[in-house]
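Undergrad: dropping the sequence and predicted coords here.
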Amino acid sequence: MKPKKAAQIVSWLVMVSAILLLLSYFDVVDKPLALPPDPEQYEQTEAADTKSEGSLPTGAASHSEQTEDTSAQTDETESTAETEETAPLKPLVFTNIDSNLITTDGSRLRIWPEKSSLPSIGLPEVQLPLQLNPEKPLQGAVVILDPGHGGSDIGESWQGESEEETLLEKTINLQIAVKIQEELVKQGAEVRMTRASDERHSYFYIMAYTADMMLQRYANDAKQAGYDPEPLESLRLLMQDVIRINSGTVDSGGRGIFNSIGTPANLKLIYDIENHYKDTVFLSVHLDASEKAEDKGVHVRYMSNEYIQSMNNSYAAGTDALSHAPNYNAYDSAQRERFASLLESSLTGQDPGMRSNQKAVFEDDLAVLRLNNVTSAQLTCGFLSNAEDRSRLTSTEGQEAIARGVANAMLQYYSAAP
């Protein structure tokens, strides 16, 4: 083809294209190159509240495709949406929280009925084992990770020959917890850290943080089920006060409803909500030290239902038991012990050098274990006073080995039936 002829053809095609684009702009003809809607934008538009009457998701239909039937369907859909938005939420009513109905001889604390105070509102049961995803085996797991101590509370310490050789538990706890977090997230878990920097939090802050997280979750789930979560707001305010005050002293108010012997009715309700979510665990990370250089290795503390009750009864000794709140009676002792045992066996399986020369898994009275009702344990990763442990605890390789051991314990915990 001659160059002059080719140029004429190109010019003619450009002119025709320009005319078609101009006509399509005014909707005289269909758009020749209309793109499909962005799926993410479409989903966001569908999920958003209607901003104006007659609005449609971007790209859902062109103006020329909107018929009278489509307009009628749109009006009906909008009318239904408005009805759903204005439909009143059903009241959320809790039961089994009247301590006056519980009697005792006064020698020991009364005991709450094991039956939950939560109403049956159609929420799905969050149970174990989780459905595993081969690529993200811990997907669906929720882990509250507590790096012990922080700020002015340094925990244990070790001093070498020079000032530069000072080791503080609070610092190493956070380093190990970050490694654990990275490993768990890599495997798909949702991880919440009670601290991510050198901050000091009271035990009651940590328990209020855990409770508030679970209250938010239950409130959202209840609202999705059509129930008004307003009764939970007062409990959230109580938790936020404890978090804000952040003190363990009695006169500060920082203990809030946790400052009691036994379990008051509103705290029972929180524990029942925490008990609903079996996909959540609490792990507090610590170190130890001893005057005996041979003391070494990992040990794990937990608290059973019976142990917590016995501790509360010991606190009430010499007083009228009827003057205190009843003991809570629905801690999952078997799961707590199982979780603690899995942590110890998994870590020592990862590195036999982590094996303790003492009893490795045992019950102990710790506020962070007693004042919550998710499966919980305190993991002591080793002794700063032991040279072998100290080397592991302060090295990247050692901290990563601990993280792998914890992740493996979590995988076993979540993937097998109780």
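TA: Great, that's in hand. Residues are numbered from 1 along each chain as shown.
Undergrad: okay, now R110: neighbour count?
TA: Neighbours of R110 under the rule other C-beta atoms under 10 Å: 19. Quick note: C-beta positions are derived from backbone N, CA and C, even for glycine.
Undergrad: need the per-residue pLDDT for it.
TA: If you check R110, the pLDDT there is 94.
Undergrad: hmm, it is touching N100, no?
TA: No - R110 lies out of contact with N100 (C-beta atoms under 8 Å); the separation is 10.0 Å.
Undergrad: overlap of the contact sets of those two?
TA: The contact sets of R110 and N100 do not overlap (C-beta atoms under 8 Å, 6 or more residues apart in numbering).
Undergrad: helices of this structure, residue ranges please.
TA: Using DSSP state H, the helices of the chain run over 3-25, 39-47, 68-86, 169-186, 203-224, 233-245, 265-276, 305-315, 333-350, 367-370, 387-394, 396-415.
Undergrad: contacting residues around the residue nearest to the spatial centre of the chain?
TA: Computing the C-alpha centroid of the chain and ranking residues by C-alpha atoms, centre = their mean puts V142 first, at 4.7 Å. Residues in contact with V142 (C-beta under 8 Å, 6+ apart) are A189, E190, R192, Y277, D279, T280, V281.
Undergrad: swap in M354?
TA: If you count contacts by C-beta under 8 Å, 6+ apart, M354 has them with G297, V298, L347, T348, C381, G382, R392, I402, G405.
Undergrad: just those residues now: which is nearest E306?
TA: Set against E306, the nearest of the contacts of M354 by C-beta to C-beta is V298 (24.8 Å).
Undergrad: distance of that closest one relative to H324?
TA: V298 sits at a distance of 36 Å from H324 (criterion: C-beta to C-beta, to the nearest Å).
Undergrad: since we're on I257, how many residues are nearby?
TA: Other residues lying near I257 total 22 when counted by other C-beta under 10 Å.
Undergrad: kindly report the same for H324.
TA: Using other C-beta under 10 Å, H324 has 20 neighbouring residues.
Undergrad: surely it and G262 touch.
TA: Yes - in this structure, H324 is within contact of G262 by C-beta under 8 Å, at 4.5 Å.
Undergrad: residues that sit against both of the two, list them.
TA: Counting by C-beta under 8 Å, 6+ apart, the shared contacts of H324 and G262 are L109, N312, A316.
Undergrad: as JSON lines, these with distance to E388 would be great.
TA: Shown next, in JSON lines, are those (distance: C-beta to C-beta, whole Å):
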{"residue": "L109", "distance to E388": "44"}
{"residue": "N312", "distance to E388": "39"}
{"residue": "A316", "distance to E388": "43"}
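Undergrad: reformat those as TSV; add distance to D272 and neighbour count.
TA: What follows is the shared contacts of H324 and G262, written out as TSV (distance: C-beta to C-beta, whole Å; neighbours: other C-beta atoms under 10 Å):
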residue	distance to D272	neighbour count
L109	18	24
N312	18	23
A316	22	19
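Undergrad: what is the nearest of these to H149?
TA: The closest of the shared contacts of H324 and G262 to H149 turns out to be N312 (C-beta to C-beta; 25.6 Å).
Undergrad: you'd agree the closest one is up against G262?
TA: Yes - the criterion here is C-beta under 8 Å, and N312 meets it with G262 at 5.5 Å.
Undergrad: list residues touching both of these two?
TA: Both N312 and G262 are contacted by L109, H324, N327, under the criterion C-beta under 8 Å, 6+ apart.
Undergrad: closest one of those to V242?
TA: Taking C-beta to C-beta as the measure, H324 is the one of those closest to V242, at 20.0 Å.
Undergrad: ok, now which ones touch that closest one?
TA: Residues in contact with H324 (C-beta under 8 Å, 6+ apart) are L109, S260, I261, G262, N312, A316.
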